[in-house]
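> Predicted model and sequence follow; I will ask about them next.
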Amino acid sequence: MQYVLASASPRRRELLKQILPEFEVIPAECGEEVNLSLFPEQMVLALAERKCDEVFKKNPDKTVIGCDTVVVFGGEVLGKPKNRDDATRTLKMLSGKTHFVITGVCVKNKFYQKSAFDKTEVRFNPLSDDFIKIYVDSGAPLDKAGSYGIQDGGFVKEYFGSYTNVVGLPVTLVKKLLEEVRVDR
C-alpha cells in the first residue's frame, strides 16, 4: 500500500515517519474556512476530511492521511496567527492559563474512510513579554495553531493527553486509523 500525507507540515512529516517508513507528501491546497457554528471537534474533522478528500481525488489508489489542528481557549478557536501582532496577542492570552489542542485526522483509501480526533489539555507557564517578543521575532509561531510549538520549549508547564497531538499529529490515533483501513487484513 502506498501512503500520502496531505500536509506540508515538517512536524507532521517527522512524526509520521515513526509509524510509516515510506510515504509521499502532497499538501492539500483547499482553504481552511469552515462553518464557525460547529464545535471545535467537528471543525477539525471537517477540515481533515476536506484535505484528505482533495488529495485522494488525485491519488485514488493510495491511502491518504489528512489532518487539522486547532487550539481552543475560553471557547475561542485559535488557528494559525494572521501575523506577528496576532501571534503576540495569542501568546499573551494563553500565558499562565489552560487551553486544549484538538487534532482531527482522516485516513482514506478506495475501500474505507475513517476519521477521529484527539484532544489534549495544555497548561502554559506564565510568559514574559521579552520571551514572547523573542519567540515572535524568530518567526516560529507563524505556521502553528495557537502561535506556539510545544517542542520549542518554555511554554508548557504540563499537559494531559498526547504530546504528539500538540505537535500536530496524534501518532497513536493515526496508527489506529491506519490499521482500521488496511486492505490486507
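That came through, no problem.

> For L20, which non-adjacent residue is spatially closest?
Of all residues not flanking L20 in the chain, Y3 sits nearest, at 5.5 Å (Cβ to Cβ, 6 or more residues apart in numbering). (C-beta placed from N, C-alpha, C; glycine too.)

> how about the strands in the protein?
For the chain, applying DSSP state E gives strands covering 3-5, 24-25, 63-73, 76-78, 98-108, 113-124, 156-160.

> chain center to the first one, what's the gap?
Taking Cα atoms, centre = their mean, to the nearest Å, one finds strand 3-5 lying 16 Å from the centre of the chain it belongs to.

> again, but for the shortest one
What separates the centre of strand 24-25 from the centre of its chain is 17 Å, taken as Cα atoms, centre = their mean.

> Other residues contacting that strand?
Here strand 24-25 makes contact (Cβ atoms under 8 Å, 6 or more residues apart in numbering) with Q2, Y3, V4, L5, S7, A8, R13, K62.

> Let me know the closest of those to D118.
Lowest distance from D118 to the contacts of strand 24-25 (Cβ to Cβ) belongs to S7, with 15.4 Å.

> Next up, the contacts around the closest residue in space to E29 that isn't next to it in sequence.
Across the structure, with Cβ to Cβ, 6+ apart as the measure, the residue nearest E29 apart from its sequence neighbours is E54 (6.9 Å). For E54, the contact set (Cβ under 8 Å, 6+ apart) comprises A6, A28, E29, C30.
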